[in-house]
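*Asks:* quick check, what structure comes out for this input:
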Amino acid sequence: MNCPRCNNAQSCKDGIVRGRQRYQCKSCRFPYTVSHKSDVKPLSTKRKALQLYLEGLGFRAIGRILNISYGTVYQWVKACGDQVSLPERQDQVDIVEMDEIHTYVGSKKSTAGYG
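*Replies:* Numbering: from 1, shown residues only. Presented below is the predicted three-dimensional model:
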């Protein structure tokens, strides 16, 4: 790990800020932290998660397969979905045909309250 200012390899520890170790360069006295967090996943993992999602796996299943949090997978998919623009239809639709739509509305038999 080299100093971002002078590229010197000699450094010493300089405290902890927001849970991350700070270092100070011995030659120019510049304080810095590591370039990236150690828990940042590589781009290949993100792509694999998106590919598995598009294949139909759920967030929890993808998290179990890749050993990451399902919330992280959800954030990746959501961010990717925000970047994609959906195609828009230019012409108007005159007739819409709905075939074999079945709905079932059951009656709920429960008593309200107790007794």
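*Asks:* buried residues in the helix or strand where residue 77 lies?
*Replies:* Assigned by DSSP states H and E, residue 77 falls within helix 70-83. When neighbours are counted by 16 or more other C-beta atoms under 10 Å, the buried residues of helix 70-83 are found to be 72-74, 76-77. Any C-beta I mention is one placed from the backbone N, CA and C, and that applies to glycine too.
*Asks:* do stretch 5-14 as well
*Replies:* By 16+ other C-beta under 10 Å, the buried positions in stretch 5-14 come out as 11, 14.
*Asks:* still on that earlier bit, distance from the chain centre to the helix holding residue 77, please.
*Replies:* Distance of helix 70-83 from the chain centroid (C-alpha atoms, centre = their mean, to the nearest Å) equals 4 Å.
*Asks:* quickly list the domain ranges of this structure.
*Replies:* Split into domains by the TED database, the chain comes to 1-36, 43-81.
*Asks:* okay, those in JSON lines with mean pLDDT and distance to residue 88 next?
*Replies:* Below are the domains of the chain laid out as JSON lines (pLDDT from 0 to 100; distance: least, C-beta to C-beta, whole Å):
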{"stretch": "domain 1-36", "mean pLDDT": "88", "distance to residue 88": "38"}
{"stretch": "domain 43-81", "mean pLDDT": "93", "distance to residue 88": "16"}
